[in-house]
Each structure stands twice: as structure tokens, then as C-alpha cells.
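[1] the sequence and its predicted three-dimensional model are supplied below.
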Amino acid sequence: MSEVTTVPTPDPHEPPAPRLPVSLNSAKTLGEYLHNWSVRVRAGDTGVLPVLCGLIILAVIFQSLNANFLTAGNLVNLMVQGAVYMLFAMGMIFVLLIGEIDLSIGFIGGVAGVVAAEMVFGDAGYPWWLAILAALATGAAIGLLHGLIITFIGLPSFIVTLAGLLAWNGVMLIILGNGGTVPINNDMINNLANGLLDPIAGWVVMVVLVALYLADMLMAEARRRRRGNNAAPISVTVLKIVGIIAAGIIVVLICNANRGRLVPIQGVPWVLLIVLFFVTVWNILLSRTAFGTYVYAIGGNAEATRRAGVAVNRIRILVFVIAGFMGGVAGLIYASRLRSVSTNLDGGTLVLYCIAASVIGGTSLFGGRGKAVHAILGGLVIASIDNGMGLLGLSAATRYVVTGIVLLAAVSLDALASRGRASSGLS
């Protein structure tokens, strides 16, 4: 007698199984692409949309309250001011991606700045390039020390880096003395944050950078199509190209506008090129190397990654080395902008700002989600708040309150988005 197979009747009261949001690259037309994008946004994959909307809202508010906010001079100043937060945030993003925290990165930058200033101080100072290398090596070495303690002793990163915050602040006080200041007497180091490209050189650099980026993007699309993988519609690629070219032209036009009153001041700041260099390097490392894959995997599930044969401890140590190194870079830029290093450096505020920039930019505090470009977006938000309220003459206390509210809103949005991704089956 044959066995009869029955199909169970679905329970109408049982909620439907979550459906995976569609892939953007599965679209064939621009309309399908936008539809798929809206589906993913509703599922919790908001990407950089919230921070872009936030930047637009901030620009509208501050421009309506003070007509100087969107002037060329203020926008360039805002970008230079935000560069410090961006560079600090790039290091912090690596740490957040593996589900850790680094509270000492602000004073790591301070110590690195002191090392550079002391090495070039006086007539018998060392060459500028040696001072920069020593400062960066100092930052990386401190990150290595923290990583080793966290990994091999097994202490929480919160405790180790909180101790580092206090200890490296003390090291700065020991070197500089209470209330001490060391001027930076080297033009090359001072120009890291204050130097400007010639206007024509700015156009040349923009054309070269945009061409390299577009060539890389088009080659990636071509490889995807050759392998039979889904690729974005041609119309979307064209829009991306137009957007990138337009952004490059707008930035150079703003920077090349004469911002001086008595003497001409125009040109792209060097520090913007430094930021672009590092965001490109870290983007390649995170998106195209096995190391980047392991970083995301550890942030998603460290134990599963360990069982898969990945040297989790080694990756963690390297992440803290990168964070310390970027602390050194940001510390150099901070010292360069002020043309000196002093005990007035508030490393505690800097670390809070760089955490805020990372999270506001789109990096998750829960680990496993984030990109290097989030440091730029978040840094612009933090700098816009600080710069805009400064133009309005608001107190530092008010700036802290507003920045805290924005950070809380960003973390809340991240938590809600994480729940949305979990319920929709989107990792």
C-alpha cells in the first residue's frame, strides 16, 4: 500500500517568515534599482542616507541663522576643522568593527604631536620627515601595547584604553610640564594642516584622482559582468560618474575661491588630500583583502570566526595598531593646525567626538558594520555642529548638549535599523 504524503496547512495566525530584501545589483533598469533600494531602506539597510539628510538639515538651519555658514571661507575652514575628527574616526572605526572601543586615541594623538614638536624644536632639531615618522611610530607602538594587553591578558578594551587615556595624558604633562607649550618651528609640518595647493595644481590633482576612482569603479563593474555576477544598471553607473565629477568640481571651486581680505588666500588644503589618501587605503584594506573580511567577521561573531581557523588575536592586535597609528596621524594634523602642542589638548573630548563621528557616519556600535568613508561623513557632521554654533556665538556647553543629542539619535537609529535588518533576514 503506497504511503500518502500530506502537506501541512499553514497557520493563518503564524507570522510569515522574513524575506530577504532584494539585491540592488539584481535590477535591470534605473526604476527597478530605485525600487530595490527603497525596499532595503524599509528593511533597515539605510546606508548613509540618514547622515546625508542630517548634513542637509544642518546646512539649511545654520545658513538661515547666519548667512556666513555656506561661504567659501567658512566651508573650507569647516573641512579643515573636520579633518582631525575624520582621521581620528578612521582609527576608531576599525576598533568598533571588531566590537571593541579605544578611549585613549585622543591622548595617543597628543603624545604623537609632542614627539614631533620636540624633535623639530630648536636649531639642532631633527629633519621634519624623521619627526613625522617618529610620531606615527609612537602612535602605532602605543596601539600595539594596548592590543597585546587586551589580547593576551584578556582585559576588556574599555578598561585598558581608559587606563591609557589617563596614562598618556600624564606622559604629555611630564614632557611638557604643567601649562607648557612647545611651538612647531617647521614649515613642512605646519603646512600639513595649513598648506594650500596652487589653484591650477588643485584642478590637476582633482582630475587625476577622479579619473583613478572612475577607472577603478568601471573595471570593478566590468569584472563583475565578465564573471556573470549581477551588476548595477548602466544608467546607475552613469549617474555615479556624473555625481563624482560634480562633487570634485564643486570642492575645487569652493577651495579655489579667494577667501582672503587683505591678501589672496585660495587653493585646496593639503589636509584634504591626506584625508582622501587614508580613506582610500583603509577602504581597499577593508573591502578587498582577507584582513578586512576577518575584521567584519570578528565583529559579527568572534567565536565562529575563531572556529573557522582565523587568527582572531592577531587581527585584534593589528586593529589596535591601526587605531594607534591613525591617532598619531590625527595628532600631527591637530598640532599642525595650531602650530604648537600644549597641555590644553583635551584628549577626552577628542575621543568622544571621534566616536560620535564614527557612529553618526554609519558605523555600528554593535560591531561588524561600517566603512572608512563613514569617518568623513561623521566628521563633517561634528564639524558642522561645532562650526555652525560657533558662528552663532553659542557656548561650549550648548555645543556639547547638541552633539550629545545628535549622537544619541544616531545610536538609536542604528539600534532600530539593526532590529529591522534582523527581522527581514538582512545581515
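    That came in fine, so what should we check first? Residues are numbered from 1 along each chain as shown.

[2] how close does the most centrally placed residue in the chain sit to Glu32?
    Central residue of the chain (CA atoms, centre = their mean): Ala375, 1.5 Å from the mean position. Plainly put, Ala375 is 32 Å away from Glu32 if you go by CB to CB, to the nearest Å. C-beta: built from backbone N, CA, C; applies to glycine.

[3] coming back round to it: how about the contacts made by the residue nearest to the centre of the chain?
    85-87, 89-90, 92-93, 279, 357-358, 361 (CB atoms under 8 Å, 6 or more residues apart in numbering).

[4] which among those gets closest to Ala330?
    When those are compared for distance to Ala330 (CB to CB), Leu87 comes out closest, at 3.8 Å.

[5] the closest one: how many residues sit nearby?
    Burial measure for Leu87: 30 neighbouring residues, criterion other CB atoms under 10 Å.

[6] before we move on, back to that, any chance of the contacts of Ala375 in CSV, with distance to Met389 too?
    Conversion of these to CSV gives the following (distance: CB to CB, whole Å):
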residue, distance to Met389
Tyr85, 15
Met86, 19
Leu87, 22
Ala89, 20
Met90, 25
Met92, 23
Ile93, 25
Val279, 26
Ala357, 16
Ser358, 21
Gly361, 20
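
[7] out of the residues you listed, which are buried?
    Among those, those buried by neighbour count (16 or more other CB atoms under 10 Å) are 85-87, 89-90, 92-93, 279, 357-358, 361.

[8] including secondary structure and distance to Leu286, could those residues go into TSV?
    Formatted as TSV, the entries for these read as follows, by DSSP: H, G, I helix; E, B strand; the rest coil; distance: CB to CB, whole Å:
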residue	secondary structure	distance to Leu286
Tyr85	helix	19
Met86	helix	16
Leu87	helix	16
Ala89	helix	14
Met90	helix	11
Met92	helix	14
Ile93	helix	9
Val279	helix	10
Ala357	helix	17
Ser358	helix	14
Gly361	helix	14
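
[9] out of those, who's nearest Thr293?
    Nearest member of these to Thr293, counting by CB to CB, is Ile93, at 15.8 Å.

[10] any idea how far Phe277 lies from Ala83?
    From Phe277 across to Ala83, the span is 12 Å (CB to CB).

[11] quick one, which of these two is more surrounded?
    The residue with the greater number of neighbours, taking Phe277 and Ala83 and applying other CB under 10 Å, is Ala83; the counts read 26 against 11.

[12] ok, Thr161 - how many residues close by?
    Thr161 is surrounded by 27 other residues when neighbours are defined as other CB under 10 Å.

[13] got it, and the one 10 residues further on?
    By the other CB under 10 Å criterion, the neighbourhood of Val171 contains 15 residues.

[14] so what pLDDT did it get?
    Here the pLDDT value assigned to Val171 is 93.

[15] verify the stated contact: it with Val111.
    Yes. Val171 is in contact with Val111 according to CB atoms under 8 Å; the separation is 5.7 Å.

[16] wait, isn't Gly388 in contact with Leu58?
    Yes. Taking contact to mean CB under 8 Å, the distance of 6.5 Å between Gly388 and Leu58 places them in contact.

[17] low-confidence ranges in the stretch 301-427 of the chain?
    414, 417-427 (pLDDT under 70).

[18] which residue comes closest to Ile241 once chain neighbours are left out?
    Distances taken as CB to CB, 6 or more residues apart in numbering put Leu214 closest to Ile241, at 5.9 Å, once the chain neighbours are dropped.
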